[in-house]
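Chemist: Quick one, fold the following:
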Amino acid sequence: MSPLNKQQLDRIRDERKEQIKQAALKVFACHGFAGTKTSMIASEAGISEGLIYRYFKSKDELFTELVSMLMEEAGREVEYVQLSSQPPFDLIKTLTQSMLDENNKYAFRLILQARKAEKVPEQVSQILARFSESELIDRLVPVFVKGQQAGQFSDGDPRQLLSWYFYVVNSLIMQELGTEEYGLPSVEMLMRILAK
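Modeler: Prediction:
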């Protein structure tokens, strides 16, 4: 059996780091920053706790890397919505689907947990301030106004309507899944909040 070359070792290292990040994403999303221990992340990932520290210096560094990655992705998604030529109604609907998608639920929940936490690493506070909820909504207002002008969205203050809408969506993301009698509302049902 031949020894692994550098490229193979790098690939294994990248895969292990991603495995840790995915486990951490789920645990942080469910338990918040303060309620998460590295032993919980290790258990979720199916690895030893010590292995986490081969890839991340601390729980703080792991959390900070996750928040940074997620906020950069959210920024790119909002930028796509801003620049897209698709109808505004379809863009907001797609954004909502993405937020409620089973594959993304932990990502959005982690960010919401981080925004509400009393104590997070200083770098996380800075990242969240740079990508504030208010700033993200401000970037969507021109899209919404275009939709209002096209008769797709109801009349009213666009910033206020978007804020209310995303408050509802964020509240759904934070719900414990499986505890609601009728399940989550469909994206089509949610879009009725904004539709004209």
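Chemist: Give me the nearest residue to Leu95, chain neighbours excluded.
Modeler: Val81 (5.9 Å; CB to CB, 6 or more residues apart in numbering). (Glycine included, C-beta is placed from N, CA and C.)
Chemist: if I read this right, that neighbour contacts Phe89, doesn't it?
Modeler: No. At 11.7 Å, Val81 does not count as touching Phe89 under the criterion of CB atoms under 8 Å.
Chemist: Buried residues, the worst-scoring helix or strand of the chain on mean pLDDT. List them.
Modeler: One helix or strand of the chain scores below all others by mean pLDDT, DSSP states H and E: helix 6-31, with a mean of 89. For helix 6-31, a neighbour-count test (16 or more other CB atoms under 10 Å) marks 16-17, 19-21, 23-30 as buried.
Chemist: Could you say which helix or strand holds the residue lying closest to Phe153 once chain neighbours are set aside?
Modeler: With sequence-adjacent residues excluded and distances taken as CB to CB, 6+ apart, Phe153 is closest to Gly147, at 4.3 Å. With elements taken from DSSP states H and E, the one containing Gly147 is helix 133-149.
Chemist: Check the offset of that helix from the chain's centre.
Modeler: Taking CA atoms, centre = their mean, to the nearest Å, one finds helix 133-149 lying 19 Å from the centre of the chain it belongs to.
Chemist: Quick check: mean pLDDT of that helix?
Modeler: Mean per-residue pLDDT for helix 133-149: 94.
Chemist: and if you look at stretch 169-178?
Modeler: Across stretch 169-178, pLDDT averages out at 80.
Chemist: C-alpha coordinates for it, CSV please?
Modeler: What follows is stretch 169-178, C-alpha atoms only, in CSV (Å, rounded to 0.1, in the frame of the first residue of the first chain):
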residue,chain,number,x,y,z
VAL,A,169,-40.5,33.7,8.3
ASN,A,170,-37.8,34.0,11.0
SER,A,171,-40.3,33.0,13.7
LEU,A,172,-41.2,29.9,11.7
ILE,A,173,-37.5,29.0,11.4
MET,A,174,-37.1,29.2,15.1
GLN,A,175,-40.0,26.9,15.8
GLU,A,176,-39.3,23.4,17.1
LEU,A,177,-40.2,21.2,14.2
GLY,A,178,-42.8,18.6,14.8
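Chemist: Which residues does it contact?
Modeler: By CB atoms under 8 Å, 6 or more residues apart in numbering, the list of residues contacting stretch 169-178 from outside reads Thr96, Met99, Leu100, Lys105, Phe108, Arg109, Leu112, Leu184, Pro185, Leu190.
Chemist: Now the first one: phi and psi?
Modeler: Backbone dihedrals for Thr96, given as degrees, to the nearest 10, come out at phi -60, psi -40.
Chemist: Which positions within the helix or strand encompassing the residue nearest to Leu95 qualify as buried?
Modeler: In this assignment (DSSP H and E), Val81 forms part of helix 59-83. Using 16+ other CB under 10 Å as the burial criterion, the residues of helix 59-83 that qualify are 59, 62-68, 70-71, 74, 78, 81.
Chemist: Fine, thanks again, bye for now.
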